[in-house]
Each structure stands twice: as structure tokens, then as C-alpha cells.
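> For reference, the sequence and a predicted model appear below.
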Amino acid sequence: MLAEGLRECEALAHLDVGQNEIGDEGAGMLAEVLGKCTALAHFDLGMNEISAEGAGTLAAGLGECTALAHLSLTGNNIGAEGAGRLAAGLRESKVRSHLVLVGCNIGDEGAGILAGGLGECKALAHLDVSCNHISDERVGSLAAALRACKALAHLSVSSNDFSDGGMGRLAGVLGDCKALTRLNLNANPYSSSALERMAEVLKECKWSAHLQVFAWGRPHSMFGPGARGRGRGRGAARSGGRIVGGPVVHTILPLE
């Protein structure tokens, strides 16, 4: 019924149907009418029991949504197959700026496939692939693909499975992301020394004066004297201009 009504909503710009148990069938029905909503800019389908099949159907309709800037599939178990189908849709649609795939179970395989499509997303400004079981090698693949995304301002890879190796791969390419203003590395099993090495690399980037790095989970000190930050949680403290966090601290660290 909703899908039929949308055929007449040419001026609709924002559609949020999150947490409605739409499933693959409902996603397919919505995909059929996406082309009619020519002004649709924001589409949120979070927590709707959509699998790879539904993601594929949606991806097929993305090319018709010429105004669509924000797409969220948060909390849908699309897996690696769904990520692959979505990547194919992204190649056809050049206007996507916000892509949110938090908790979609894409894993390493899906991250690798998605990376192959991100190179075509020249306007991508916000990518969130948190909570997807992505390990060292594939977080590096994603980062390498983002070199082509010159507008990327916000990257979140929190709550994944990458450690020091993944941090090294990220550090190796983030210097090319000159529009980046926010980087979320929360809750990954890297060491404090890896975090400090990342800080040293980013400090060398002339564009990093307004970059915020979110790092959470292990005690660490970063950026040296003159850095500013805010700690939250037991154990947060300042020491000689350095931010020292306890094991549950969420720290915001602008590089200045």
C-alpha cells in the first residue's frame, strides 16, 4: 500500500521506514517505485529484516533515484552477497553522498566487494561500515578505494575486527583523503602504539587541522603537547598536554 502511494509523491524528499519488518518482499515493492520519487534525497531502511535478495532489488532501482544522497540499511543482514549487489548499484549511481551500512554482516568478503564499487562514488562524503566483522586486510582495501572519493569527510570503521595491521593500512592511505574531518576507530583490537603511529602519520598531513579522531577501548596518549581533547568515563585525565584515557574512555582528539 505504501509503495503504491509513493507513485504519486514526486516531491517526497525524505523517507524513513526503519524498524517496520518490511523484509525482502517489501523492499522489492519499494524499489519498483523509487524512480517515481524524483526528489527523494534521504532513504532510511534500517532494521527491516532485509537480506541479500532485498538489497539486490533495491540496488537495481538506485540508478533511477537521481537525487538520492543518503541511503541507510543499518541492521539488515545483507551479508557479503548483498554488499556485492549494492556495489553494482553504486557503480550506476554517481550521486550518492551518504552510505550507512552499520551492522549489516558484510564481513571481509563483502568489504572487499564493496571497495570495488566505492571508487565510482566520487561524491561520497560519509561512509559508515561499523559493526561488520572487517579485519586487517579488508579495512585496508576499503581505505585504498576511498582515495578516489575526494569528498569523503566522515569515515567510521568502529567495532570491527582489525588490529595493528589494519591501522597501518589505514594510515598508509588516509593522507590522500584531504576532505576528511571525522574518523571513527572505536572498539577495534589495535594496540595503543598503533594508535600513536596513526597520530604521527596524520599530524604530517597539512589538511588535518580540523580532523577529529574517535578512539575508544584501550589506555592511550596521543598527539603530544598542544593537543586538545575531551575524555568521558572513569580514568580520563590530562597529563602535560596529553590525553590519557582509561579502558572505557571515549576520546575526541582534534589534530591541531
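Sure, I can see it. Numbering: from 1, shown residues only.
> where do the strands sit along the stretch 51-200 of the chain?
Using DSSP state E, counting those that start in this stretch, the strands of the stretch 51-200 of the chain run over 70-72, 98-100, 126-128, 154-156, 182-184.
> Going by contacts, tell me the helices and strands next to the longest helix seen in the chain.
For the chain, the helix with the greatest residue count under DSSP state H is helix 79-92. Helices and strands touching helix 79-92, as assessed by 3 or more CB pairs under 8 Å, 6 or more residues apart in numbering; DSSP states H and E, comprise helix 52-62, helix 107-118. (Glycine included, C-beta is placed from N, CA and C.)
> Need the ones you listed in JSON lines (columns: mean pLDDT, distance to Ala145 and mean neighbour count).
Shown next, in JSON lines, are the helices and strands packed on helix 79-92 (pLDDT from 0 to 100; distance: least, CB to CB, whole Å; neighbours: other CB atoms under 10 Å):
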{"stretch": "helix 52-62", "mean pLDDT": "90", "distance to Ala145": "17", "mean neighbour count": "23"}
{"stretch": "helix 107-118", "mean pLDDT": "92", "distance to Ala145": "4", "mean neighbour count": "22"}
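> now for these, which one comes closest to Ala31?
helix 52-62 (3.8 Å; CB to CB).
> for the stretch 151-256 of the chain, which spans come out with low pLDDT?
216-256 (pLDDT under 70).
> Spell out the residue ranges of the helices in it.
164-174, 192-203 (DSSP state H, counting those that start in this stretch).
> Against which helices or strands is the first one packed?
In this case it means helix 164-174. If you count contacts as 3+ CB pairs under 8 Å, 6+ apart, helix 164-174 packs onto helix 136-145, helix 192-203.
> Most tightly packed of the ones you listed?
helix 136-145 (a mean of 21; mean count of other CB atoms under 10 Å).
> Kindly export that helix (C-alpha atoms) in PDB.
Listed next in PDB are the C-alpha coordinates belonging to helix 136-145 (Å, rounded to 0.1, in the frame of the first residue of the first chain):
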ATOM      1  CA  ASP A 136      43.000  -6.100   8.800                       C
ATOM      2  CA  GLU A 137      43.300  -6.800   5.100                       C
ATOM      3  CA  ARG A 138      39.800  -5.700   4.100                       C
ATOM      4  CA  VAL A 139      39.800  -2.500   6.000                       C
ATOM      5  CA  GLY A 140      42.900  -1.700   4.000                       C
ATOM      6  CA  SER A 141      41.000  -2.500   0.800                       C
ATOM      7  CA  LEU A 142      38.200  -0.100   1.800                       C
ATOM      8  CA  ALA A 143      40.700   2.600   2.600                       C
ATOM      9  CA  ALA A 144      42.600   2.200  -0.600                       C
ATOM     10  CA  ALA A 145      39.300   2.600  -2.600                       C
END
